[in-house]
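Participant: I would like the atomic coordinates for the input below:
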Amino acid sequence: MIPVESIGEQINREAKLFFEEHQPPTDLIFDDGAEMESNRHRIAMTVLIRSVEQGLANRNDFFVGGNMFIYYSAKQIRNQDFRGPDFFAVLGVDSNPSRQGWVVWEENGRYPDVIVELLSPSTANQDTGKKKDIYEQVFRTPDYFVFDPFEPNSLQGWRLDVTLRYQPLVPNERGWLWCETLGFWLGTWEGIVDRETATWVRFFDESGNLVLLPEEAAQQQAEAAQQQAEQERQRASRLEARLRELGEDPSDLTLNPNHS
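Facilitator: Numbering: from 1, shown residues only. Have a look, this model is predicted:
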């Protein structure tokens with residue numbers, strides 16, 4: 001039986017053939033001086049990147065980035081009209097973090113597997129229009145999401161179906177959207193990040209637990225250690241009280257282990 005080629009394999013093969021037939025440009029730039037829309041947009045992007053890095057820490061075959069160029073065609077180079085998404089993830093690739101951008105023809109034709117755009121009044125129409133079309137029709141990115149950091153109820157998402165067209169994702173009872181590629185939920189979370197209180201878009205695991213940032217994971221471990229130490233202290237106090245009830249002096253037992 002001839003093996004059936006998956007949609008993902010077909011996309012990767014076609015992309016690789018295209019770049020083999022079309023000599024790609026080499027005069028690439030990776031910084032056009034463009035800034036994020038706001039400090040909140042910058043924090044939101046960083047939260048997504050760092051939490052996925054933490055959530056996939058047991059893997060060494062992925063790359064996550066944000067607000068960096070994705071080069072995918074010679075026409076794009078000439079027009080200079082496309083900057084990469086605010087957050088993207090690619091699985092099954094070299095995890096080298098030193099990339100200045102994502103150059104598709106240098107990555108064996110691989111495009112992002114997951115994209116999140118952080119909306120603003122100046123970008124919303126493009127992110128849900130022209131860019132969405134590019135991600136669907138050119139990138140064939142399986143999971144695409146948009147969220148406005150200043151609009152808590154703005155989360156939307158799409159999943160590429162078998163006809164290679166985006167279909168809207170249906171939220172669960174919490175309003176979260178399932179990101180099948182990463183195996184995480186994407187939803188909103190209210191709290192403080194980098195001294196700013198807001199409703200952030202965050203990843204949650206399959207059980208609904210927040211995918212922590214590295215500093216959140218460290219704090220959680222510290223709190224768990226502190227709680228364990230407190231439990232040990234309370235246990236020792238109860239033991240001392242019980243020994244006194246039996247007429248024993250706990251300090252004597254500490255000083256003389258052979259006391260009888």
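
Participant: Find the nearest non-adjacent residue to residue 164, please.
Facilitator: Leaving aside its chain neighbours, residue 164 sits nearest to residue 140 (6.1 Å; criterion: C-beta to C-beta, 6 or more residues apart in numbering). Where C-beta positions appear, they are placed from N, C-alpha and C, glycine not excepted.

Participant: now do residue 142
Facilitator: Of all residues not flanking residue 142 in the chain, residue 160 sits nearest, at 4.7 Å (C-beta to C-beta, 6+ apart).

Participant: thinking again about what came up before, what number of residues lie near the residue nearest to residue 164?
Facilitator: Using other C-beta atoms under 10 Å, residue 140 is surrounded by 19 other residues.

Participant: Show me what the helix ranked longest in the chain is packed against.
Facilitator: Ranked by residue count and defined by DSSP state H, the top helix of the chain is helix 214-245. In this structure, helix 214-245 makes packing contacts with helix 39-55, helix 250-255, judged by 3 or more C-beta pairs under 8 Å, 6 or more residues apart in numbering; DSSP states H and E.

Participant: Just the angle for that helix relative to helix 39-55, thanks.
Facilitator: Between helix 214-245 and helix 39-55, the angle comes out at 60 degrees (axes from the mean of the first three to the mean of the last three C-alpha atoms, to 10 degrees).

Participant: average pLDDT across helix 214-245?
Facilitator: This predicted structure assigns helix 214-245 an average pLDDT of 78.

Participant: Tell me which residues of it come out buried.
Facilitator: Neighbour counts using 16 or more other C-beta atoms under 10 Å place 216, 240 of helix 214-245 among the buried residues.

Participant: Once you drop chain neighbours, what's closest to the residue nearest to the spatial centre of the chain?
Facilitator: Nearest to the centroid of the C-alpha atoms of the chain, with distances taken as C-alpha atoms, centre = their mean, sits residue 52, at 3.4 Å. If the residues on either side of it in the chain are set aside, residue 52 comes closest to residue 64, at 5.0 Å by C-beta to C-beta, 6+ apart.

Participant: do residue 171 as well
Facilitator: Spatial nearest neighbour of residue 171, chain neighbours left out: residue 177 (5.6 Å); criterion: C-beta to C-beta, 6+ apart.

Participant: so who does the one you found touch?
Facilitator: 145, 155-157, 169, 171, 185-187 (C-beta atoms under 8 Å, 6 or more residues apart in numbering).

Participant: how about a cut-off of 6 Å?
Facilitator: Residue 177 makes contact with 157, 169, 171, 186, according to C-beta atoms under 6 Å, 6 or more residues apart in numbering.

Participant: next one: residue 185
Facilitator: With contacts defined as C-beta under 6 Å, 6+ apart, residue 185 is in contact with 176, 178, 204.

Participant: what does residue 203 give?
Facilitator: By C-beta under 6 Å, 6+ apart, the residues touching residue 203 are 51, 184, 186, 211.

Participant: the inter-axis angle of the helix or strand hosting it versus helix 39-55?
Facilitator: In this structure, residue 203 is located in strand 196-204 according to DSSP states H and E. Using the same axes, to 10 degrees, the direction of strand 196-204 lies 30 degrees away from that of helix 39-55.

Participant: Let's see strand 196-204 as PDB, backbone CA atoms only.
Facilitator: The C-alpha trace of strand 196-204 is given here as PDB (Å, rounded to 0.1, in the frame of the first residue of the first chain):
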ATOM      1  CA  GLU A 196       1.000  45.900  35.100                       C
ATOM      2  CA  THR A 197      -2.400  44.700  36.000                       C
ATOM      3  CA  ALA A 198      -4.500  43.600  33.100                       C
ATOM      4  CA  THR A 199      -6.400  40.800  31.400                       C
ATOM      5  CA  TRP A 200      -3.700  38.800  29.600                       C
ATOM      6  CA  VAL A 201      -4.000  36.100  27.000                       C
ATOM      7  CA  ARG A 202      -2.300  33.000  28.500                       C
ATOM      8  CA  PHE A 203      -1.800  29.300  27.800                       C
ATOM      9  CA  PHE A 204      -3.400  26.600  30.000                       C
END
